[in-house]
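> generate a structure from the sequence data that follows.
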Amino acid sequence: MKRFFKPIEKEGSAKKPSLSPSKQGAENGAAQQQEDIKKEPLKFVTWNANSLLLRVKNDWPQFSNFISNLDPDVIAIQEVRMPAAGSKGAAKNAGELKDDTSSSREEKQILMRALSSPPFGNYHIWWSLADSKYAGTALLVKKCLRPIKVSFSLDRTASKHEPDGRVILAEFETVRVLNTYAPNNGWKEEENSFQRRRKWDKRLLEFVVQVSDKPLIWCGDLNVSHEHIDVSHPEFFSAAKMNGYVPPNKEDCGQPGFTLSERKRFGAILKEGRLVDAYRYLHKEKDMVRGFSWSGHPIGKYRGKRMRIDYFIVSDKLRDRIAACEIHGRGIELEGFYGSDHCPVSLHLSEDCK
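Now for the predicted structure:
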């Protein structure tokens, strides 16, 4: 904070006319406000928290330091796992946290206390929540940035939320920022498994084609590893089964997120939407230490098995502005994961010179 000291006037010096304190303060405030408002976000973080409340209770100081050091303009969070407002049996408000019981009020207070403390107090927050402690997303945007519109569905309808709170879309003057938590493909040819994911991918393909009028920054837990380079052990994931079940379509076999059918559909979304995988654009080689955003449980057959399923996907128009895209976790001991099974991923765009 600047401090201003009034100079000592020399004898006989003439006083210059000045604004009254109220007018001067108003003009200075308006100028400062105008200076503080940024045109577009340039630095981003995405993170699947795997229960934001648990992270606040156990790992918040470390994650807060990470955010303070990185100082992102936008923070996209998935798997919030906080229920939407509304009493049992009543319609839910997916944009507000539940607080109609003593336990939900206490949980909301714990969460909001953490999100109002530095550095998170510098952000506005939007929620899209499921009816129960499942899925859900949050988007934090620095107060110096003002989205033109925030919506919560792939239909871009402000009042409508996707089932389970899987989408938040913020539109700025020059770009759109899409935060998604893609449904897991599952293991079987069922309504809440393969069929649900196919419908999701179809709608996303339609969405990215429809919004090509303005550059898109799409981030989140996309629940797919596009290429063999994006998993630590391709053979293990390709052969994975649940209780010996083998899907009738060969392209649906394997670990959810690494089936051939999912990977093909993801490739089609990138191609038709003219989109670029920001991390892979900068990092061409496989990195067994820092190249994966999800890690299996440290105990059991998934120990050391890792996948890159958290992304920043940007319009090809932004390709030359990708300054950095980093995965911030490392190793099989979940260093930099802050208690989750996912680690944060960041994107930094250079300023538009036009």
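
> what stretches of the protein score poorly on pLDDT?
By pLDDT under 70, the weakly predicted segments of the chain are 1-36, 353-354.

> report the contact partners of the residue nearest to the spatial centre of the chain.
Taking C-alpha atoms, centre = their mean, the centroid of the chain lies closest to Ala76, which sits 2.3 Å from it. Applying C-beta atoms under 8 Å, 6 or more residues apart in numbering, we find Ala76 in contact with 44-47, 137-140, 168, 177, 179, 219-220. (C-beta placed from N, C-alpha, C; glycine too.)

> same thing but 7 Å
Thr46, Leu139, Asn179, Cys219, Gly220 (C-beta atoms under 7 Å, 6 or more residues apart in numbering).

> check Val314 too.
Leu216, Ile217, Leu275, Val276, Ala278, Ile322.

> run the last query once more with 10 Å
44, 175, 215-219, 275-278, 281, 321-322, 325, 347, 349 (C-beta atoms under 10 Å, 6 or more residues apart in numbering).

> among the residues you listed, which lie within strands?
The strands, defined by DSSP state E, take in Phe44, Leu216, Ile217, Trp218, Cys219, Leu275, Val276, Asp277, Ile322, Cys325, Leu347, Leu349 from these.

> if we ignore the residues flanking it in sequence, what's nearest Glu351?
Leu42 (6.6 Å; C-beta to C-beta, 6 or more residues apart in numbering).

> and that neighbour, its phi and psi?
phi -120, psi -30 (degrees, to the nearest 10).

> is it in contact with Ala323, as I believe?
Yes: Leu42 lies in contact with Ala323 (C-beta atoms under 10 Å); the separation is 8.5 Å.

> who has more neighbours out of the two?
Between Leu42 and Ala323, counting by other C-beta atoms under 10 Å, Leu42 is the more crowded of the two (19 against 14).

> quick one: contacts for the more buried one?
72-74, 145, 175, 321, 323, 347-352.

> let's go with 8 Å and repeat that
Contacts of Leu42 by C-beta under 8 Å, 6+ apart are Asp73, His348, Leu349, Ser350, Glu351.

> cool, Arg196 as well?
Pro183, Gly186.

> sec struct for it, please.
What DSSP: H, G, I helix; E, B strand; the rest coil gives for Arg196 is helix.

> just the helices in the stretch 201-350 of the chain please.
234-239, 260-272, 278-282 (DSSP state H, counting those that start in this stretch).

> for the first one, which residues meet the burial criterion?
By 16 or more other C-beta atoms under 10 Å, the buried positions in helix 234-239 come out as Pro234, Phe236, Phe237.

> what's the overlap in contacts for Leu42 and Ala323?
Taking C-beta under 8 Å, 6+ apart as the contact rule, Leu42 and Ala323 both touch His348, Leu349, Ser350.

> quick check, nearest of the residues you listed to Lys38?
Leu349 (12.4 Å; C-beta to C-beta).

> quick check: the closest residue to Arg198 other than its chain neighbours vs Ser68, distance?
Excluding the flanking residues, the one nearest Arg198 by C-beta to C-beta, 6+ apart is Arg265, at 7.5 Å. Distance, Arg265 to Ser68, by C-beta to C-beta, to the nearest Å: 38 Å.

> who's more crowded, those two?
Taking neighbours as other C-beta under 10 Å, Arg265 and Ser68 compare with Arg265 leading, 18 against 11.

> how about the contacts made by the more buried one?
Contacts of Arg265 (C-beta under 8 Å, 6+ apart): Arg198, Asp201, Leu205.

> helix or strand: which one has Phe66?
Taking DSSP states H and E as the definition, one finds Phe66 inside helix 60-70.

> figure out how far that helix is from the centre of its chain.
16 Å (C-alpha atoms, centre = their mean, to the nearest Å).

> neighbouring strands - and their directions - for the helix or strand that comes right after it?
Next helix or strand after helix 60-70 toward the C-terminus (DSSP H and E): strand 74-78. Sheet pairing for strand 74-78, assigned by DSSP bridges, gives strand 43-48 (parallel), strand 137-142 (antiparallel).
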